[in-house]
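Here's my sequence, what's the structure:
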Amino acid sequence: MTVNKIISTITENLIKYPNIKFEIANDDELNIFKENNDGFDICIQTADRENTMYFDKFHWHYDNNEEETNEMLDQLIFALAGISRIKEISRNGKAFKWTLQIQDKENIWHDNGTMGIMNFNFFSKAEIKYYQNNLLPKEKLFEDTYEEQ
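Below you'll find the predicted structure:
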């Protein structure tokens, strides 16, 4: 799938779900909005060399090739359907660590990647919050998923 087709292919599928609110910022950026404060916004940015997908503060880079583009689209579907979530760790109300977790078929959550910023407040109690979207029914997951058109 070409860079120019990624955003248009995603939006063609999102239109099928009127509960999913999104905005095409420009030819290279798509924003998908959380339904409530328990979810997270998603931003996809495409470029010639790589694509980047943001789940609020967590983000992942994907090379601009077919394999990694398909991986990015799978992660997008997981994020919309609640199969993935963000675990946020904060101290004294300041978030500093985000972990992407993926749920397996036995409903067990597995860490898939972590990013963070320095936090020197070691002695404060850590607070954990989970953010998860439920914008797509898990059992329906885009039936004609992002095939090259």
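
can you give me the strands for this structure?
With strands called from DSSP state E, the chain shows them at 21-26, 29-33, 42-45, 50-55, 58-63, 84-91, 94-103, 109-116, 126-131.

Next, format the ones you listed as TSV and append mean neighbour count.
(Each C-beta comes from the backbone N, C-alpha and C, glycine too.) Output for the strands of the chain, formatted as TSV (neighbours: other CB atoms under 10 Å):
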stretch	mean neighbour count
strand 21-26	13
strand 29-33	18
strand 42-45	20
strand 50-55	19
strand 58-63	16
strand 84-91	19
strand 94-103	17
strand 109-116	12
strand 126-131	13
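
Redo those strands as CSV? Include distance to Ile15.
Converted to CSV, these look like this (distance: least, CB to CB, whole Å):
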stretch, distance to Ile15
strand 21-26, 9
strand 29-33, 12
strand 42-45, 16
strand 50-55, 19
strand 58-63, 23
strand 84-91, 22
strand 94-103, 26
strand 109-116, 28
strand 126-131, 25
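
so where's the chain uncertain?
1-4, 139-149 (pLDDT under 70).

Any chance you could spot the residue sitting in the middle of it?
With distances taken as CA atoms, centre = their mean, Phe55 lies nearest the centre of the chain, 4.3 Å away.

neighbours of the nearest residue to it once chain neighbours are set aside, just the number please.
In this structure, Phe55 finds its nearest non-sequential neighbour in Phe40, 5.1 Å apart by CB to CB, 6 or more residues apart in numbering. Number of residues near Phe40 (other CB atoms under 10 Å) recorded here: 23.

Right, I'll call it a day here.
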